[in-house]
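S.K.: below is the sequence, then the predicted model.
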Amino acid sequence: MFKSFGNERLTEWRQFRQQLEVSDNPLQDVVDFWGNAPFVNRYLNPDNPKTWPDPWHLILDDKYDDLGVALGMYYTVKLTQRFMNTHSEIHSSMLPTDREPRFILVIDNKWVLNWEYKTVINTENLPEVRNTRILWAGSGLL
């Protein structure tokens, strides 16, 4: 998808979301998919979710900083029947070893996406999640 343009990119993203409906490991599929996104320097304002792009503009603009990747993962799961009613949160974390904040997606207070590259982590194995700041939370679409 990330090598396509315009509406073709939107179509490929839709096809990917349809595959998640029957996937045996949909969250791993999501982190693998978004692990291929072209990365840019800080682009989105983490302190103002009202300025974040809607799903279609995020995909069409094709600019993904760390927050944009977490947001793309969020939109990808929320725009499926399978995950549309799950509680999801976008968090910010700044560990002492980090030079820049990291942005993660937490699903059902159990799964963490975007903490490590192409990895889904159970919150039980990631105590640092307790020390993050929630930027956005809810069961519906932003």
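M.R.: Perfect, thanks for sending it.
S.K.: in the protein, where is pLDDT below threshold?
M.R.: For the chain, the stretches with pLDDT under 70 are 142.
S.K.: and the longest helix for it?
M.R.: Longest helix in the chain, counting residues (DSSP state H): helix 6-20.
S.K.: what's the following helix or strand past that one in contact with?
M.R.: Remark: after helix 6-20, the chain's next helix or strand is helix 26-34, criterion DSSP states H and E. Helix 26-34 has contacts (C-beta atoms under 8 Å, 6 or more residues apart in numbering) with 1, 16, 19-20, 23, 64, 69, 72-73, 76-77, 80, 82-83, 107, 111, 113-114, 118-120. Placement of C-beta: from N, CA and C, glycine included.
S.K.: CA atoms of helix 26-34 as CSV?
M.R.: Coordinates of each C-alpha in helix 26-34 appear next as CSV, following Å, rounded to 0.1, in the frame of the first residue of the first chain:
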residue,chain,number,x,y,z
PRO,A,26,-4.9,-9.8,13.2
LEU,A,27,-2.9,-7.6,15.6
GLN,A,28,0.4,-9.1,14.4
ASP,A,29,-0.8,-8.5,10.9
VAL,A,30,-1.5,-4.8,11.8
VAL,A,31,2.0,-4.2,13.2
ASP,A,32,3.6,-6.0,10.3
PHE,A,33,1.6,-3.9,7.8
TRP,A,34,2.4,-0.6,9.6
